[in-house]
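Structure for this input, please:
(2 chains)
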Protein chains: 2
Amino acid sequence: MFEKRENAPRQEPQKHTALSELGEFGLIDRLTRPVKLYHPETIKGIGDDAAVIDAGDHVILLSTDLLVEGIHFDLIYMPLKHLGYKAAVVNISDIAAMNGIPMQMTVSIAVSSRFPAEALDELYSGILLACEQYKVDLVGGDTSSSPKGLVISISITGTAQREEVVYRNGARPGDLLCVTGDLGSAYMGLLVLEREKKVFQVNPAMQPELTGYDYQIGRQLKPEARTDLRGLLQAAGIKATSMIDISDGLASEILHICKQSQVGCKLFEEKIPIDEQTRELALEYNIIPSVTALSGGEDYEILFTIGQTDYEKIKGIPGITIIGHMTAASTGKMMITPDGKEVELTAQGWDGMRK
Amino acid sequence: MFEKRENAPRQEPQKHTALSELGEFGLIDRLTRPVKLYHPETIKGIGDDAAVIDAGDHVILLSTDLLVEGIHFDLIYMPLKHLGYKAAVVNISDIAAMNGIPMQMTVSIAVSSRFPAEALDELYSGILLACEQYKVDLVGGDTSSSPKGLVISISITGTAQREEVVYRNGARPGDLLCVTGDLGSAYMGLLVLEREKKVFQVNPAMQPELTGYDYQIGRQLKPEARTDLRGLLQAAGIKATSMIDISDGLASEILHICKQSQVGCKLFEEKIPIDEQTRELALEYNIIPSVTALSGGEDYEILFTIGQTDYEKIKGIPGITIIGHMTAASTGKMMITPDGKEVELTAQGWDGMRK
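Take a look at the predicted model:
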């Protein structure tokens, strides 16, 4: 009401830009454009998986993620313990994607009174299980009531030697584009869960048909962070030139690396690692299997680039796939389809697929 | 639904403990009791204004705060720019309360589609104003849509030399209990704003009656963090023995220090610094003036203890008031009223007063 009075003399109509017009990345760009940095200790601010802070002989990594009920998770099929585990893992993955070691975490929750304390015990048991699994210290947080639903905000620190940190912006033309594990299964797990939710809503007596999809559902409900990659690369004597974790989908993450490194890419569609059952399941859903990887997201695998000279070294590491290479920016961001056509790589991302 | 199936064989009825039964501190205790720490670098975890992380020749402080629309703020009288400023200051205050220097901040927001981008510009302009004022680098964050309302989650880092850090648990019997600035005005500012909101709701044509309460309203809408205390104490050659910021009310904060330091206290009610106009305003509202300080909260002043031998040094610093002293735990946590009676200090806190 006081705003009204203060603004009374203003004549021109106020501009209203809907958030949906901007999209998440557009909004972040807009809000953070005026940001100024004051401390030389801030080595890297906004724009990577984590901020990088000078701590003398090493660096501290800092990242944060927000999970909102009804947007990021659905408690109808997401058990609270899994949700807690996943909320922690999503953050741990950001530290892994800087080639760092996860260290400390703060957990804040806003929760409506419909949740009993026992529900939060479950949530925390999942968070603490992830903390034990990945050796992360829960060191603080905040709790609040919420007028509606559950919101989880986690911040995480990590550590690394300054020269160990791998950013999104170090890829060079000719570098090999690599990815850990396989992609698209988390997305297919989500589709299976959503199908069974619909069946359940129509007929609550019906038991969900989940057997046979353990792998996909596990990837969706209990993802893991690839903190092991750091050791694998170290043992092989490889220093990655760029790195990012796959939360939004392979296409979107490749484009982040291309943009920040100012390079182009050639991605070979048939090289994208996809689990055989996920491939069949996708076809059953009338989805081109590679699309589950390109646009599905939530796999929390790591996408990274290495110098061509490291080809022999990377070949020896099981569970890592070379899916393409980087090119000069002028040649564009291209995907080569199995029949040899070049198509431009576009990021539909998560939002695009689910609507 | 899958929970249901998994739990089917369980016979005993599940226990449901309402969150309101536990209260905020009870809930935090319950959820964090099983926390284990894995890293020797974690000097201090949960239980102070910030966590303390060993960074070699210095320490990194880490804290986080969550602000939820309808719980912590009301956009009817809280302009978004002020809200952004306050959200940042609340976090900066946590670093000040460890005797540290605020350094980096991450800002996450969940926001419903009713907010246009211009509203978020306003919110961020307030956050960035606080960042400029207190020289804090905004280094990351997350944005998300929200099914309802606005949630702001900020995490902050700070730095200090290891021996400079002041915890809540260092107070000793005989130490002097001191506070910066004056207390209770932020709470009276809130009452004025809420009164005018009610008037406005009854008759929207009515202009709010706010003139004359600038100080109180300013304390509520645009609080400042006492980052200056660090320099004042340093210049005077004083090392505080314990420290906490006043977010929940003086009584609650004193009890935190007593509990963690395992000491008692004698607080002299008439020594509590209260602005003269705030005192009059409280009486007008039929509130005992000291109650606005004891239970009001949101002043973001700093409560701290110092050794008795520093009495002469502290006397010379303007704007700091000695309000009592610490005692042996066995003598209890007592307040001495102006007529000389000893009453036990209890924390009604924020929730208690507003309901």
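
Can you classify the residue most central in space within chain A by secondary structure?
To find the centre residue of chain A, average its C-alpha atoms and take the closest one (C-alpha atoms, centre = their mean): that gives A:S247, at 2.1 Å. Here A:S247 takes the coil state, with states given by DSSP: H, G, I helix; E, B strand; the rest coil.

Quick one: residues contacting it.
Residues counted as contacts of A:S247 (C-beta atoms under 8 Å, 6 or more residues apart in numbering or on different chains) are A:90, A:93, A:253, A:297-298, A:300. In this view, the C-beta of every residue, glycine as well, is placed from N, C-alpha and C.

One more: A:K239?
If a contact means C-beta under 8 Å, 6+ apart, then A:K239 has A:166, A:233, A:306 as its contacts.

Please, where are all the helices along the stretch 101-250 of chain A?
A:117-134, A:185-202, A:214-221, A:228-236, A:250-261 (DSSP state H, counting those that start in this stretch).

do the second one and chain B meet?
So that's helix A:185-202. Yes - taking C-beta under 8 Å from any C-beta of the partner chain as the criterion, helix A:185-202 and chain B are in contact, through A:196-197, A:200.

Among those residues, which one lies nearest to B:D48?
A:K197 (42.7 Å; C-beta to C-beta).

Could you tell me how many residues sit around the closest one?
Burial of A:K197, expressed as a neighbour count using other C-beta atoms under 10 Å in any protein chain shown, amounts to 16.

Model confidence score at it, please.
What the model reports as pLDDT for A:K197 is 88.

before we move on, what about A:I306?
According to the per-residue confidence, A:I306 scores 98 in pLDDT.

That one touches A:C178, doesn't it?
Yes - taking contact to mean C-beta atoms under 8 Å, the distance of 6.3 Å between A:I306 and A:C178 places them in contact.

How about the contacts made by the residue lying closest to A:L190 once chain neighbours are set aside?
In this structure, A:L190 finds its nearest non-sequential neighbour in A:Q220, 4.9 Å apart by C-beta to C-beta, 6 or more residues apart in numbering or on different chains. By C-beta under 8 Å, 6+ apart, the contact list for A:Q220 reads A:185-187, A:189-190, A:193, A:298.

at 6 Å what do you get?
Shown here is A:Q220, whose contacts under the criterion C-beta atoms under 6 Å, 6 or more residues apart in numbering or on different chains are A:186, A:189-190.

for stretch A:191-209, the distance to its chain's centre please.
Stretch A:191-209 has its C-alpha centroid displaced from the chain centroid by 27 Å (C-alpha atoms, centre = their mean, to the nearest Å).

Now do the buried residues in it.
By neighbour count with 16 or more other C-beta atoms under 10 Å in any protein chain shown, stretch A:191-209 contains the buried residues A:191-193, A:196-197, A:200, A:208.

so A:V343 bridges to which residues?
Beta-bridge partners of A:V343, counted by DSSP bridges, are A:M335.

what's around it, how many residues?
When counting by other C-beta under 10 Å, one arrives at 11 neighbours for A:V343.

Looks like it contacts A:M335 (just checking).
Yes - A:V343 is within contact range of A:M335, at 5.2 Å (criterion: C-beta atoms under 6 Å).

Need phi/psi at the closest residue to chain B within the stretch 201-350 of chain A.
Across the stretch 201-350 of chain A, the shortest distance to chain B (C-beta to the nearest C-beta) belongs to A:P208, at 6.0 Å. For A:P208, the backbone dihedrals are phi -70, psi 140 (criterion: degrees, to the nearest 10).

Can you tell me, leaving aside adjacent residues, what's nearest to it?
Looking at A:P208 with C-beta to C-beta, 6+ apart, the closest residue is A:E196, at 3.9 Å.

repeat for A:L281
Counting by C-beta to C-beta, 6+ apart, the nearest residue to A:L281 once its immediate chain neighbours are dropped is A:M188, at 4.9 Å.

isn't the one you found right up against A:R279?
No - counting by C-beta under 6 Å, A:R279 is not a contact partner of A:M188; they are 9.1 Å apart.

What pLDDT does the model give A:M98?
98.

Pull the contacting residues for it.
Taking C-beta under 6 Å, 6+ apart, we find A:M98 in contact with A:49-50, A:61, A:165.

Of the residues you listed - the most surrounded one?
Per-residue neighbour counts (other C-beta under 10 Å) across the contacts of A:M98 peak at A:A50, which has 29 neighbours.

where does the stretch 201-350 of chain A dip in pLDDT?
By pLDDT under 70, the weakly predicted segments of the stretch 201-350 of chain A are A:348-350.

So which elements touch the helix or strand hosting A:N91?
Under the criterion of DSSP states H and E, A:N91 resides in helix A:80-96. Helix A:80-96 sits against strand A:59-68, helix A:117-134, strand A:150-160, with contacts defined as 3 or more C-beta pairs under 6 Å, 6 or more residues apart in numbering or on different chains; DSSP states H and E.

swap the cut-off to 8 Å and go again
In terms of contact count using 3 or more C-beta pairs under 8 Å, 6 or more residues apart in numbering or on different chains; DSSP states H and E, helix A:80-96 is assigned the packing partners strand A:59-68, strand A:101-111, helix A:117-134, strand A:150-160, strand A:242-245.

Dump the C-alpha coordinates for the last one into PDB.
The reference is to strand A:242-245. Only the C-alpha atoms of strand A:242-245 are listed here, as PDB (Å, rounded to 0.1, in the frame of the first residue of the first chain):
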ATOM      1  CA  SER A 242      36.000 -28.200 -19.300                       C
ATOM      2  CA  MET A 243      33.300 -29.900 -17.200                       C
ATOM      3  CA  ILE A 244      29.600 -29.700 -16.300                       C
ATOM      4  CA  ASP A 245      27.100 -32.000 -14.800                       C
END
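
Off-centre distance for that strand?
Distance of strand A:242-245 from the chain centroid (C-alpha atoms, centre = their mean) equals 10 Å.

Okay, now the sheet partners of that strand, with direction.
In the sheet, strand A:242-245 lines up against strand A:302-306 (antiparallel) (DSSP bridges).

just checking, next helix/strand downstream of the partner strand?
Heading C-terminal from strand A:302-306, the first helix or strand you meet, by DSSP H and E, is helix A:311-315.

Buried residues of that following helix, list them for me.
Neighbour-count burial for helix A:311-315, with 16+ other C-beta under 10 Å as criterion, is recorded at A:I314.

can you list the residues that contact whichever helix or strand comes after that helix?
Scanning the chain past helix A:311-315 towards its C-terminal end, the next helix or strand to appear is strand A:320-328 (assignment: DSSP H and E). When contacts are defined by C-beta under 8 Å, 6+ apart, strand A:320-328 is touched by residues A:171-180, A:232, A:257-258, A:261, A:263-268, A:271-273, A:305, A:308, A:311, A:314, A:334, A:336.

Those, buried ones only, as a PyMOL selection?
Typed into PyMOL, the next command selects the buried ones out of these (criterion: 16+ other C-beta under 10 Å):
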select buried, chain A and resi 171+173+175+176+177+178+179+180+232+257+258+261+263+264+265+266+267+268+272+273+305+314+334+336
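
how's chain A carved up into domains?
Using automatic domain parsing, the domains assigned to chain A come out as A:20-32+A:39-164, A:176-354.

most packed of those?
domain A:20-32+A:39-164 (a mean of 21; mean count of other C-beta atoms under 10 Å in any protein chain shown).

related to what we said a few turns ago, if we check chain B, which of the contacts of A:M98 are in contact?
Subset of the contacts of A:M98 in contact with chain B: A:A50, counting by C-beta under 8 Å from any C-beta.
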